[in-house]
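K.L.:
What shape does this take:
(chains A and B)
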Amino acid sequence: MQSLASPSRHRVTGSERLGLYTLLRVERGDIDPGVPGQFFMLEAPGRLLPRPFSLCLAPPGELAFLVDPIGPGTEALCAVQPGEEIRVLGPLGHGYRLDVDRPLLVGGGIGIAPLPYLAERLGGSPNTVVGFRSAEHAEAAALLPGAQVVIDPVLVTELIDPAMDILACGPEPMLEAVAALCPTAQLAWEAPMACGYGACYGCVVEIDGHLKRLCLEGPVLDASRISKWLSVTKSEEVPA
Amino acid sequence: MRILNASGCLDALAAPEVARQLDAFVTKTVTPLPREGNAPPRIAETAHGMLNAIGLANPGRERFLADHLPRLRELGIPLWVSVGGFCADDYAETCAALAEIEAIELNLSCPNVDEAADSAAEIVAACRRATELRLYAKLSAAHPDVAEVARAVAAAGADGLSLVNTLRAVALDKHLRPALARGSGGLSGPSLKPIALHAVGVCHEATGLPIVGMGGIQSGRDALEFAACGARDAALGTVLFADPGAAGRVRSELAAACAEVGVATPEDAASLSKSPETEEKVPA
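P.N.:
Down below sits the predicted model:
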């Protein structure tokens, strides 16, 4: 297993377009794929800081990440060619609890990223609802065979049964709406993050009434622990 | 040349295996009272650097001494405690409460909180009266004459200097709004290195005090450049975020970088940067 003190470089084995997203595959090496919802820091070539990604798929010998090109770091990752090497650090943080009776997976946009691996680990084709901004974005739903797919203006929250065990990931307004419907939902949140292992103190969010590092407390949290939504759009990078 | 971390760039309790790669661990700044720090977003990447506005988030002196420091001691690595405050007494009271650590670093230059009204020299003098521990003064290159500040803190009893802290800066998002909730933040990373090298050079010349050089060190070659300008030790900051294995890597690269310029140790590089015949060899 990888030690935090000696992050390893991994060869990229594939880069496939999925609608507007890119599925980036790297050799797994000795990295443990971890629990669904945990995340990895991927080196963004040419950039100072790595970027956090949850694991999308864990095929034998590989790790696959879904990348949305929203700024210089994610664009650099989408441009990586098979054969190149990038530094991969993880798995980090806390993922979803898998001991649920009636799972319902809910994803919005790039927030579908952890759901394919989550579905695999839960087993038994769990019910899944995913929403996208456009039909082109929705092509990524191919990663989730059998999922119900909605496109704006239809929202995933119109389709979910709050009595089920909801495991969600998506943009903050979606998570906030899911939390309002179902306070017991498990939500994978995001925040700008420089290190992913508690060093930078950059990713704090209000959890249990205090500013806490999301990389250590989350990124998956019980909805009831989220004290305050950031109410800022974080799904973009600073255009440095 | 020992390899430390820059204060606030590593949590040794969250990542002990990273801290154990260092020759000494420098804590995040401790203030008298607990601080939650600034609201998010707190960080942003820039071209060749990053901004942070953490705002001295820390558990406060009482909890640090009772809870964090004992657990840090269990790591078995030399400890430096970074001390902050809002007046000279704040600093001095924390210094007086510290014992059995290798050194105290006085954070006299955080760009992300309102600064202490007392001058750097007054704070150092108050701390000097409060402790016999080694006192390093961490200064900012934002001062128009950092060598003058260095001379003042040396006269007030500082045993060493930590150079440099981040520089106050702003980044805008694509809607032209500040990327950080606080507005401004501290600039770190490679864009800080030339400024830090200058500060180390002039402060070394002005005081002769031991210096921990920091600011954009990414490689062993970078660390060697700090040694060439007069730094005795080097601290890693932003590079640890991308590469938690940076301390080990920089240490091995440092040996190779020494061999490349034909010096036996980083200490031997100190004379090179002032030697006229090497001036043309300064890399772009």
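K.L.:
From here on, just use CA atoms for contacts and neighbour counts.
P.N.:
OK.
K.L.:
Just give me the residue closest to the centre of chain A.
P.N.:
Nearest to the geometric centre of chain A sits residue A:54, at 3.8 Å (CA atoms, centre = their mean).
K.L.:
measure that one to residue A:170 for me?
P.N.:
Look at residue A:54 and residue A:170: by CA to CA, to the nearest Å, they are 12 Å apart.
K.L.:
Over to residue A:23?
P.N.:
17 Å.
K.L.:
In terms of neighbours, single out the busier of these two.
P.N.:
Taking neighbours as other CA atoms under 10 Å in any protein chain shown, residue A:23 and residue A:170 compare with residue A:170 leading, 25 against 20.
K.L.:
Does the residue nearest to the more buried one when sequence neighbours are not counted belong to a helix, a strand or coil?
P.N.:
Of all residues beyond its chain neighbours, the one nearest residue A:170 is residue A:111 (3.9 Å), with distances taken as CA to CA, 6 or more residues apart in numbering or on different chains. Per DSSP: H, G, I helix; E, B strand; the rest coil, the local secondary structure of residue A:111 is helix.
K.L.:
for residue A:86, helix, strand, or coil?
P.N.:
Residue A:86 - assigned by three-state DSSP - is strand.
K.L.:
list the contacts for it?
P.N.:
Contact analysis of residue A:86 by CA atoms under 8 Å, 6 or more residues apart in numbering or on different chains lists A:9-12, A:42-45.
K.L.:
what's the pLDDT at the residue nearest to the centre of chain A?
P.N.:
Predicted confidence (pLDDT) for residue A:54: 97.
K.L.:
wait, isn't it in contact with residue A:38?
P.N.:
Yes - counting by CA atoms under 8 Å, residue A:38 is a contact partner of residue A:54 at 5.8 Å.
K.L.:
Just the residues contacting the longest strand seen in chain A, thanks.
P.N.:
Looking across chain A with DSSP state E, the single longest strand is strand A:8-18. Strand A:8-18 has contacts (CA under 8 Å, 6+ apart) with A:2, A:22-29, A:78, A:80-89, A:139-140.
K.L.:
where along the stretch 51-200 of chain B do the helices fall?
P.N.:
Assignment of helices within the stretch 51-200 of chain B using DSSP state H, counting those that start in this stretch yields the ranges B:61-63, B:69-73, B:88-97, B:120-130, B:146-155, B:193-207.
K.L.:
between those helices, which one is nearest to chain A?
P.N.:
Proximity to chain A (CA to the nearest CA) singles out helix B:193-207 among those, at 13.9 Å.
K.L.:
so what does the strand or helix carrying residue A:74 touch, helix or strand wise?
P.N.:
In this structure, residue A:74 sits in helix A:72-78 according to DSSP states H and E. When contacts are defined as 3 or more CA pairs under 8 Å, 6 or more residues apart in numbering or on different chains; DSSP states H and E, helix A:72-78 packs onto strand A:62-67.
K.L.:
now the angle from the strand it packs on to strand A:8-18?
P.N.:
Angle, strand A:62-67 to strand A:8-18, by axes from the mean of the first three to the mean of the last three CA atoms, to 10 degrees: 60 degrees.
K.L.:
If you count contacts, what does strand A:62-67 end up packed against?
P.N.:
So strand A:62-67, by 3+ CA pairs under 8 Å, 6+ apart, packs with strand A:21-27, strand A:51-54, helix A:72-78.
K.L.:
between the ones you listed, which one is nearest to residue B:43?
P.N.:
Proximity to residue B:43, assessed across the helices and strands packed on strand A:62-67 by CA to CA, is greatest for strand A:51-54 (12.8 Å).
K.L.:
Can you list the neighbours in contact with the longest helix seen in chain A?
P.N.:
Counting residues, the longest helix found in chain A (DSSP state H) is helix A:172-181. With CA under 8 Å, 6+ apart as the test, helix A:172-181 has contacts from A:108, A:157, A:162, A:168-169, A:185, A:187, A:189, A:223-224, A:229, A:231, A:233.
K.L.:
burial count for the closest residue to residue B:160 other than its chain neighbours?
P.N.:
Leaving aside its sequence neighbours, residue B:160 sits nearest to residue B:136 (CA to CA, 6+ apart; 4.4 Å). By other CA under 10 Å, 27 other residues sit near residue B:136.
K.L.:
circling back to that earlier point, now the helix holding residue A:74, how far from the centre of its chain.
P.N.:
Here helix A:72-78 is found 16 Å from its chain centre; the criterion is CA atoms, centre = their mean, to the nearest Å.
K.L.:
quick one: average confidence on it?
P.N.:
pLDDT averaged over helix A:72-78 gives 97.
K.L.:
Return the helix or strand in chain A with minimum mean pLDDT.
P.N.:
strand A:226-228 (a mean of 90; mean pLDDT, DSSP states H and E).
K.L.:
That strand: partners in the sheet, and parallel or antiparallel?
P.N.:
strand A:204-207 (antiparallel) (DSSP bridges).
K.L.:
just to revisit the earlier point, got the helices of the stretch 51-200 of chain B as a markdown table, with mean pLDDT and distance to residue A:71 columns?
P.N.:
Listed next are these as a markdown table, based on pLDDT from 0 to 100; distance: least, CA to CA, whole Å:
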| stretch | mean pLDDT | distance to residue A:71 |
| --- | --- | --- |
| helix B:61-63 | 98 | 40 |
| helix B:69-73 | 98 | 38 |
| helix B:88-97 | 97 | 42 |
| helix B:120-130 | 96 | 41 |
| helix B:146-155 | 96 | 37 |
| helix B:193-207 | 97 | 25 |
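K.L.:
Would you reformat those as JSON lines and include distance to chain A and mean neighbour count?
P.N.:
Putting the helices of the stretch 51-200 of chain B into JSON lines (distance: least, CA to the nearest CA, whole Å; neighbours: other CA atoms under 10 Å in any protein chain shown) gives the following:
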{"stretch": "helix B:61-63", "distance to chain A": "16", "mean neighbour count": "18"}
{"stretch": "helix B:69-73", "distance to chain A": "15", "mean neighbour count": "15"}
{"stretch": "helix B:88-97", "distance to chain A": "23", "mean neighbour count": "20"}
{"stretch": "helix B:120-130", "distance to chain A": "26", "mean neighbour count": "21"}
{"stretch": "helix B:146-155", "distance to chain A": "27", "mean neighbour count": "21"}
{"stretch": "helix B:193-207", "distance to chain A": "14", "mean neighbour count": "21"}
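K.L.:
Okay, now the unreliable bits of the chain?
P.N.:
All of this refers to chain A. A:1, A:231-240 (pLDDT under 70).
K.L.:
right idea, wrong chain: chain B
P.N.:
B:111-118, B:274-284.
K.L.:
Recalculate using a threshold of 80.
P.N.:
B:110-118, B:271-284 (pLDDT under 80).
K.L.:
where do the strands sit along it?
P.N.:
B:3-5, B:25-26, B:43-46, B:49-52, B:79-83, B:103-107, B:134-139, B:160-163, B:167-169, B:185-188, B:211-213, B:233-236.
K.L.:
looking at those, which is buried most?
P.N.:
Here the criterion is mean neighbour count by mean count of other CA atoms under 10 Å in any protein chain shown, and of the strands of chain B the winner is strand B:211-213, at a mean of 30.
K.L.:
Just the residues contacting it, thanks.
P.N.:
Strand B:211-213 has contacts (CA under 8 Å, 6+ apart) with B:160-164, B:196-197, B:200, B:204, B:223, B:226-227, B:230-235.
K.L.:
Show me which residues of chain A are close to chain B?
P.N.:
A:3-7, A:43, A:47-50, A:191-205, A:210-211, A:230, A:237-240 (CA under 8 Å from any CA of the partner chain).
K.L.:
Nice, that's everything, thank you.
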